[in-house]
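Colleague: For reference, the sequence and a predicted model appear below.
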Amino acid sequence: MHGSLVRLLIMSAFGGVSNAAILAAVNSGAETAGTGAGNLWAAALFLVALMIFIKSQHYILISATVEIEAIIHKLRVRLLDQVRHAELLPLDAIGRARIGASITRETATLAQATNVCAFAAQSVVLIFFVAIYISYLSLLAFAFIVVVVTFTALMLHIKTRGMAEGTREGAEWEARLFDRQTDLLDGFKEVRLNRARSEELFDDIAEVSRNAANVKIRTQSETFKRLVFSQSSVYLLLGAIVFVAPIFGAAPAGTIAKTTTATLFIVGACFSLVQALPILTAANAAAENIAGLEAKLQEMSVEGRARSAEAAVHFEKIEMRGVEFRYVDKSSESVFQVGPVDFELRRGELVFITGGNGSGKSTLLRVLSGLYQPDAGEIRLDGVAVTGDRLDAYRSLFSAIFVDYHLFQRLYGISDQDAADLARLLTQFRLADKTRLADGEFTTLDLSGGQRKRLALIVSMLEKRPIMLLDEWTAEQDPEFRRKFYDELLPELMRNGATVVAITHDDRYLEELKMPARNLRMDEGRFVEPRSVESTR
């Protein structure tokens, strides 16, 4: 990559030099054209410079695109790799909006800015060589250029620092707007059922959008003011060369015309640089946002320990001893605690956890599976504490269907796919006429809530993990399939050697269960009235 960047800068330099050479050839040809004589040297220089210009532009445009996309690809992959090695709780704190913006919008901003940088470098080279040419024609005009360009650059730099803050603020408001849009789309059913909620959400969206627009208007206004200021400075420079320079001394014939022509070349390059400044400012803010996100992701990354232990494929006993976990509810800012909890899970057990909403059942499953790490107490796997480099190997024991589960289009992570087994399961779960696997993907995931959960259970069964966690799996099933779950599916899972921990509210089905199970009840983050059930019905 370093070599490619060097070549790109060299070609940008060639582009700038060729521009300056074209100017010198045109001025030289124009001077001799006034005498009626041709200038073969100037014509040859013009043609050579033009060919170099064309070649350099092709190289810059194509190579810059290739290199930029390669860089953005590596950046995206690195960010997503850090995301997948992060912990769940701090990742939730960062939020999907910020992560999504960094991977899409911020990287796109960087891509645009990198293209601009290549041409900005070319403009700088052009300005440098044309300035040398102008100094050869007129030192006084060169002095004017130095003074005006220096003053203009200084003023633009001072204003740019304030614009960077406006760009960052605009990005923050756009992230909030993304969150509100997500609320509207993901919660569309709830919005349509409640007019008051719909009105308030829409008012909030409009307010956030208005603030985002106002910040952008303020930032763009400053940008346009800078553009007008830079253009005025350049016109002032032209006026000084044409009207002021002759006052301080006589100039050779044609010098003012040549100097003015050369200055016009600089004008175009300066305009390119000025127009690039807002893009570069936005890119700087985007780079800072990405760097901040990367720093946070690196703090929570577990990549090193994830690769330091082999995945666990079996167990005999898991113990939770004095486990406590606390978290702050975002909506109410109240602290909720699960624990202290003492719990044992043995291989081949079927455990039901019941309790009211908000009693901590789902949080307990996340702690049990290692997605949340205890604030106190410890989890032991076959007598060994689950800490450090053992955590990811411990997680490999579990497959889970949480309430907020995600159904993937492909069977990721299932290497030994058995088409016949999948077909049997789809038929058993009454999904054979709804979807199937084709070219490694399900033909559709556009299913009802209950059907999606059935497909999720099929995927979990295909994973063949020792422990299966089910969070309210039957909640969206019709009575017939709910009965099938307790009478057929669970016994099949247990016969196949699975260990199942299921959260449920189906007390009636538990009373009629025809297999051994343990029933635990939670209230306010703790187990209450634990009891074992041996049903012989």
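Modeller: It's in.
Colleague: Quick one: find the helix or strand in the chain with the lowest mean pLDDT.
Modeller: The weakest-scoring helix or strand in the chain, judged by mean pLDDT, DSSP states H and E, is helix 303-306 (a mean of 44).
Colleague: after it, next one along is what?
Modeller: strand 317-328 (DSSP states H and E).
Colleague: ok, now how distant is the residue sitting nearest the centre point of the chain from Ile467?
Modeller: Nearest residue to the geometric centre of the chain (Cα atoms, centre = their mean): Ile103, 2.5 Å. Ile103 is 32 Å from Ile467, where distance means Cβ to Cβ, to the nearest Å. Bear in mind the C-beta positions are built from the backbone N, C-alpha and C, glycine included.
Colleague: and Phe336, what helix or strand is that in?
Modeller: Using DSSP H and E, the element containing Phe336 is strand 335-346.
Colleague: Outside of that strand itself, list whatever touches it.
Modeller: Strand 335-346 is contacted by residues 316-329, 351, 358, 360, 363-364, 367-368, 374, 376-377, 467, 499, 501, 520, 525-527 when judged by Cβ atoms under 8 Å, 6 or more residues apart in numbering.
Colleague: Please identify the buried residues of it?
Modeller: Gln337, Val338, Gly339, Pro340, Val341, Phe343, Leu345 (16 or more other Cβ atoms under 10 Å).
Colleague: Need the worst-confidence member of the residues you listed.
Modeller: Of all the buried residues of strand 335-346, Gly339 carries the smallest pLDDT score, 78.
Colleague: Distance-wise, check it relative to Ile467.
Modeller: Gly339 is 20 Å from Ile467, by Cβ to Cβ.
Colleague: For Glu378, which three-state class applies?
Modeller: Recorded secondary structure, Glu378: strand (DSSP: H, G, I helix; E, B strand; the rest coil).
Colleague: so who does it touch?
Modeller: Glu378 makes contact with Met320, Arg321, Gly322, Val323, Ala385, Val386, Thr387, according to Cβ under 8 Å, 6+ apart.
Colleague: hmm, try it at 6 Å
Modeller: Going by Cβ atoms under 6 Å, 6 or more residues apart in numbering, Glu378 touches Arg321, Ala385.
Colleague: Mind listing the residues bridging to it?
Modeller: Arg321 (DSSP bridges).
Colleague: Next one: it from Glu344, what distance?
Modeller: Glu378 sits 13 Å away from Glu344, going by Cβ to Cβ.
Colleague: for Ala517, same thing?
Modeller: In this view, Ala517 and Glu344 are 15 Å apart by Cβ to Cβ.
Colleague: repeat for Ile290
Modeller: 45 Å.
Colleague: Kindly report the same for Ala291.
Modeller: 45 Å.
Colleague: What of Arg321?
Modeller: Going from Arg321 to Glu344 by Cβ to Cβ gives 9 Å.
Colleague: Over to Leu365?
Modeller: 15 Å.
Colleague: Over to Leu364?
Modeller: According to Cβ to Cβ, Leu364 stands 14 Å off from Glu344.
Colleague: Please apply the same query to Leu45.
Modeller: For Leu45, the distance to Glu344 - Cβ to Cβ - is 88 Å.
Colleague: Mind checking what helix or strand follows the strand or helix carrying Val6 in sequence?
Modeller: Assigned by DSSP H and E, Val6 falls within helix 2-33. With elements assigned by DSSP H and E, the helix or strand that comes after helix 2-33 is helix 40-84.
Colleague: next structured bit after that following helix?
Modeller: Counting by DSSP H and E, the next helix or strand C-terminal to helix 40-84 is helix 88-94.
Colleague: ranges for the helices of the stretch 51-200 of the chain?
Modeller: 88-94, 96-101, 107-137, 139-186, 188-193, 195-239 (DSSP state H, counting those that start in this stretch).
Colleague: what's the answer for the stretch 351-500 of the chain, then?
Modeller: Going by DSSP H, counting those that start in this stretch, the stretch 351-500 of the chain shows helices at 361-368, 391-395, 419-428, 449-463, 479-484, 490-495.
Colleague: TSV please, covering these and showing mean pLDDT, distance to Ala438 and mean neighbour count.
Modeller: Converted to TSV, the helices of the stretch 351-500 of the chain look like this (pLDDT from 0 to 100; distance: least, Cβ to Cβ, whole Å; neighbours: other Cβ atoms under 10 Å):
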stretch	mean pLDDT	distance to Ala438	mean neighbour count
helix 361-368	91	33	22
helix 391-395	86	31	19
helix 419-428	87	11	14
helix 449-463	89	15	19
helix 479-484	88	25	14
helix 490-495	90	26	15
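Colleague: Minimum distance to Ala21: which of these has it?
Modeller: Checking the helices of the stretch 351-500 of the chain against Ala21 by Cβ to Cβ gives helix 391-395 as the closest, at 60.9 Å.
Colleague: Count the neighbours of Glu199 for me.
Modeller: 11 (other Cβ atoms under 10 Å).
Colleague: That one and Leu177, how far apart?
Modeller: Here the criterion is Cβ to Cβ. By it, Glu199 lies 18 Å from Leu177.
Colleague: Ok, Thr443 next?
Modeller: Using Cβ to Cβ, Thr443 is found at 35 Å from Leu177.
Colleague: More neighbours: which of these two?
Modeller: With neighbours defined as other Cβ under 10 Å, Thr443 and Leu177 compare such that Leu177 has more, 19 against 12.
Colleague: neighbours around the closest residue to the more buried one other than its chain neighbours, how many?
Modeller: Nearest residue to Leu177, sequence neighbours excluded (Cβ to Cβ, 6 or more residues apart in numbering): Val208, at 4.9 Å. Using other Cβ under 10 Å, Val208 has 19 neighbouring residues.
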